[in-house]
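S.K.: Give me the fold of what follows.
(one chain, ligands or ions: 2)
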Amino acid sequence: MTGKLFIFEGPDGVGKTTLVQELRGRLLSSDFEFLSFPGRDEGTLGRAVYQIHHTPEAFGIKQMSELARQALHIAAHIDVIETRIRPWIASGKNVVLDRFWWSTLVYGGVGGGTQRALKKLVGAEETVWGDIKPTVAFLIDRDSPIDRREDLTYWKALRESYVDLANREREKYTVEIVRNTGTIDQTIAYVESAMMK
Ligand SMILES: Nc1ncnc2c1ncn2[C@@H]1O[C@H](COP(=O)(O)OP(=O)(O)OP(=O)(O)O)[C@@H](O)[C@H]1O
Ligand SMILES: Cc1cn([C@H]2C[C@H](O)[C@@H](COP(=O)(O)O)O2)c(=O)[nH]c1=O
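M.R.: Ligands and ions are numbered 1, 2, ... in the order given. A predicted model of the protein is given here:
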């Protein structure tokens, strides 16, 4: 039996990582794998791209176009899908991802990348996902971020873009827009029941 894919998305500071870590503590570790997509383990492309994204100057990079940054993300996604996620799912493990290619379209688009080119990049990644689609995609939503000193105009543009994308994607698979405004326990109870449906 093949495993299921669950994804958590949303702008910075809405509680994605907190919820995924909480689920990790509650779900049977033999049935589930959890990954901060595309992973940050030592020696992986995911780690290198994460570092280039956050500290380009450490690599001597003085400027980088938004499209080029997102192409790097897509390369790391493809690598981990091929080397880890597809084998997990094929062996019957359920996989929970903190972020997905939704981040590429949303951050890339808000950052100034052209939609047409971003969609082509994501199209290459979708080819590698093949017939694997999220069983449920959770968009975690709030009116403002928690614990983040974000530029609110930028953050709200990300939020709006996520909601638009979620409403388009729900024609292809189940999408839940989850308001994380109560306690963590309340949000987790809702998420768990949606995962078990
Ligand atoms: N329901 C909640 N009530 C109160 N605090 C919360 C709740 N959910 C998350 N938090 C807190 O919000 C902060 C941001 O959460 P978290 O780091 O999980 O967000 P995130 O969406 O993963 O952000 P990023 O994408 O920037 O990593 C953390 O301090 C976390 O403890
Ligand atoms: C997967 C992915 C991520 N990003 C952005 C989104 C965040 O700003 C960072 C990741 O850092 P976090 O600690 O996980 O919040 O990278 C992106 O621009 N494109 C992507 O595909």
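S.K.: E33 and N94 touch, don't they?
M.R.: Yes. Counting by C-beta atoms under 8 Å, N94 is a contact partner of E33 at 7.4 Å. No exception for glycine: its C-beta is placed from N, CA and C like everyone else's.
S.K.: just checking, L152 touches D143?
M.R.: No. The pair L152 / D143 is not scored as a contact, 10.2 Å apart, by C-beta under 8 Å.
S.K.: The two: which is more packed in?
M.R.: Per other C-beta atoms under 10 Å, whichever of L152 and D143 has more neighbours is L152, with 12 against 9.
S.K.: is stretch 152-163 anywhere near ligand 1?
M.R.: No. For stretch 152-163 and ligand 1, the contact criterion (C-beta under 6 Å from any ligand atom) is not met; the two come no nearer than 10.1 Å.
S.K.: do that stretch and ligand 2 meet?
M.R.: No. Stretch 152-163 lies out of reach of ligand 2 by C-beta under 6 Å from any ligand atom, never closer than 8.9 Å.
S.K.: how distant is that stretch from the center of its chain?
M.R.: In terms of C-alpha atoms, centre = their mean, to the nearest Å, the centre of stretch 152-163 is found 15 Å from the chain centre.
S.K.: hang on, isn't L23 packed against S29?
M.R.: No. Using C-beta under 8 Å, L23 is not in contact with S29; the gap is 11.1 Å.
S.K.: Surely I81 touches V128?
M.R.: Yes. Using C-beta under 8 Å, I81 makes contact with V128 at a distance of 5.0 Å.
S.K.: So the two - more neighbours on which side?
M.R.: A count of neighbours by other C-beta under 10 Å puts I81 above the other of I81 and V128, at 20 against 15.
S.K.: and that one, what does it touch?
M.R.: I81 makes contact with 125, 128-129 under the criterion C-beta atoms under 8 Å, 6 or more residues apart in numbering.
S.K.: Just the closest of the residues you listed to ligand 2, please.
M.R.: Set against ligand 2, the nearest of the contacts of I81 by C-beta to the nearest ligand atom is E125 (9.0 Å).
S.K.: show me what contacts the residue nearest the centre of the chain?
M.R.: Centroid-nearest residue in the chain: R99, 1.2 Å away (criterion: C-alpha atoms, centre = their mean). Shown in contact with R99 (C-beta under 8 Å, 6+ apart): 7-9, 16, 36-37.
S.K.: Those also near ligand 2: which ones?
M.R.: Checking the contacts of R99 against ligand 2 by C-beta under 6 Å from any ligand atom, the ones in range are F37.
S.K.: and the contacts of R99, which are buried?
M.R.: When the contacts of R99 are checked for burial by 16 or more other C-beta atoms under 10 Å, the buried set is 7-9, 16, 36-37.
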